[in-house]
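Chemist: Have a look at this prediction, sequence included:
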Amino acid sequence: MSMKLKIISAFSVSIVILALIGIFSYKNINNYKESSEWVHHTQKVISQTERMLIDIQDIETEQRGYVITGEERYLEYYNQGLENVERSYLSVRQLVKDNAQQLMAINDIYQTISARVELSKQAVALRRTKGFENARDFVATGQGENIMKKIRVDVDRFLDIEEELLSQRVAEANQNFSSATFVIITSIILTILIVLVTLYFFILDYNKRIESEKQVVASESLIKNILDSLPIGVFIVAADGKPYYSNAKSQQILGKGIMKNVALDGLQELYQVNIAGTNQRYPAERSAIARALKGEKIIGLEDAEILKDGVRIPLRVNATYITDREDKIAYAISIFEDITDVKENEKNLLLAKKLAEESVILKETFLANMSHEIRTPMNAILGFTDLLLKKNLGATEKDYVQTIKTSGETLLRIINDILDVSKIDSGMMIFEEHPISIKETFSSL
């Protein structure tokens with residue numbers, strides 16, 4: 001598995017784990033929030049119930065004060081107590097509306113409170129209309145006190161149930177809080193671990209990338225050193241036509257390095273590239289490197305020269321293109337060399353060939369002339385030997401003359417053979433078929 005894939009896998013697992021932790025944390029926090037709300041709700045029920053008990057006790061106190069003193073100021077607090085107890089009851093009733101048992105209990109308590117309030121109202125009315133003694137005797141019957149005892153008992157029972165609910169809800173809230181805390185701490189630890197693992201893979205990948213970059217730089221440096229050590233010029237152009245690289249030999253031949261902002265059509269002017277033997281600039285579109293960028297695979301040219309310090313330098317240029325991973329042309333590379341010595345050698349060879357051809361012509365002319373000059377006296381010798389052979393000579397003299405004739409004829413054939421050499425050199429040799437005498441051949445030998 002590649003390092004990049006490991007990092008992606010670790011990151012994906014991290015996202016999944018964090019998402020699950022987030023969902024679980026959200027659920028636990030909501031549970032804790034809901035439990036806390038129920039705790040607060042129960043505390044509010046208890047508080048409002050206790051408030052209602054205090055309100056009814058205040059009503060009883062203010063009623064007694066009015067019965068004893070007859071002062072109207074007690075009625076002010078008495079009436080306020082009536083309003084408060086009604087408000088407290090409605091509040092508690094609203095709070096326990098989802099609890100049927102407690103709702104029934106609070107309604108029963110309120111009925112008892114209503115009975116106590118009714119007795120208070122009767123005592124106040126008696127004090128106002130019939131005086132202190134009648135009101136005192138009504139209160140002394142103890143009905144109100146008995147009702148108050150029942151109210152306290154019912155309220156205590158109601159509060160006991162709420163206290164038990166409060167304990168359960170506090171315990172549940174604490175448990176949810178512990179769970180939420182555990183999840184949060186666990187998620188923090190897991191997050192840190194995941195971050196550390198991802199960071200570890202990232203550092204490994206980063207170190208490998210740095211090492212790869214170092215190797216690339218080293219490779220590029222090695223390639224550059226190799227290219228700089230080549231005895232030929234190397235010139236590389238990017239796909240947009242801008243110069244990319246030139247080696248040391250290229251700079252030596254051209255007289256200057258690359259200028260990366262110069263476009264392809266400006267290279268001819270920059271390096272003063274002309275059509276060989278003329279002062280006309282070499283067309284940019286005909287250059288080997290331009291043709292390579294257009295997709296020609298292998299191009300070779302010998303019709304370009306550069307003007308360097310007033311001296312014409314003929315070049316042999318080859319070019320091709322380099323593709324990227326998508327098989328698109330990324331670069332064009334041109335390899336060129338100074339062929340001044342080659343051109344000079346060609347010129348010398350042409351001169352030597354011309355001299356050789358002239359020498360052959362002179363030799364052939366000499367041989368032809370010499371052969372003609374030699375054949376003239378030979379014809380005379382042969383002619384006179386023929387004349388002598390027609391005379392009445394002795395056997396010995398005739399044999400001498402015949403030998404002279406045979407030798408002359410042999411010498412004449414040698415001269416003809418010399419002429420045949422010139423015919424062979426000029427490709428004009430013709431073979432003929434003639435009968436020969438073996439006896440005469442051996443005799444002549």
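Modeler: Perfect, thanks for sending it. Just so we're clear, the structure is a prediction, and the values are computed from it rather than from any experiment.
Chemist: ok, Glu269 to Ser443 distance?
Modeler: As judged by CB to CB, to the nearest Å, Glu269 and Ser443 stand 85 Å apart. In short, each C-beta sits where N, CA and C put it, glycine included.
Chemist: so where do the strands sit in the stretch 101-250 of the chain?
Modeler: Assigned by DSSP state E, counting those that start in this stretch, the strands in the stretch 101-250 of the chain fall at 233-238, 243-246.
Chemist: CSV please, covering those strands and showing distance to Thr181, mean neighbour count and mean pLDDT.
Modeler: CSV is the format used below for these (distance: least, CB to CB, whole Å; neighbours: other CB atoms under 10 Å; pLDDT from 0 to 100):
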stretch, distance to Thr181, mean neighbour count, mean pLDDT
strand 233-238, 61, 21, 84
strand 243-246, 62, 19, 83
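Chemist: Nearest to Ile253, out of these?
Modeler: Checking those against Ile253 by CB to CB gives strand 233-238 as the closest, at 4.8 Å.
Chemist: where along this protein do the helices fall?
Modeler: Counting by DSSP state H, the chain has helices at residues 3-69, 73-95, 100-129, 132-139, 143-229, 248-254, 267-270, 288-293, 340-389, 395-426, 438-444.
Chemist: Buried deepest among these, which one?
Modeler: helix 288-293 (a mean of 22; mean count of other CB atoms under 10 Å).
Chemist: where's that one relative to the chain centroid, distance-wise?
Modeler: Its chain's average C-alpha position is 29 Å from that of helix 288-293, according to CA atoms, centre = their mean, to the nearest Å.
Chemist: List of residues touching it?
Modeler: 235, 237, 239, 241, 264, 267, 284-285, 299-301, 317-321, 329, 332-334 (CB atoms under 8 Å, 6 or more residues apart in numbering).
Chemist: are any of those residues buried, and which?
Modeler: 235, 237, 239, 241, 264, 267, 284, 299, 301, 317-321, 332-334 (16 or more other CB atoms under 10 Å).
Chemist: For Lys150, give me its contacts.
Modeler: For Lys150, the contact set (CB under 8 Å, 6+ apart) comprises Thr112.
Chemist: Distance check, it against Phe366.
Modeler: 166 Å.
Chemist: and if you look at Glu296?
Modeler: The value you get for Glu296 to Phe366, if CB to CB is used, is 54 Å.
Chemist: Likewise for Tyr78?
Modeler: 167 Å.
Chemist: One more: Phe202?
Modeler: 92 Å.
Chemist: now swap in Glu172 and tell me
Modeler: Distance from Glu172 to Phe366, by CB to CB: 134 Å.
Chemist: How about Asn134?
Modeler: 184 Å.
Chemist: what sits against the closest residue to Asn134 other than its chain neighbours?
Modeler: Nearest residue to Asn134, sequence neighbours excluded (CB to CB, 6 or more residues apart in numbering): Leu126, at 4.9 Å. Residues near Leu126 by CB under 8 Å, 6+ apart: 134-135, 138.
Chemist: mind checking how far the residue of the chain positioned farthest from its centre is from Lys214?
Modeler: In terms of distance from the mean C-alpha position of the chain, Asn392 ranks first, at 118.4 Å (CA atoms, centre = their mean). Going from Asn392 to Lys214 by CB to CB gives 116 Å.
Chemist: Any regions of this structure where pLDDT drops low?
Modeler: Along the chain, segments meeting pLDDT under 70 span 1-7, 9-11, 14, 360, 367-368, 371, 419-423, 425-429.
Chemist: One more pass at 90, please.
Modeler: Scanning the chain for pLDDT under 90 picks out 1-89, 92-93, 95-103, 105-110, 112-159, 161-319, 321-445.
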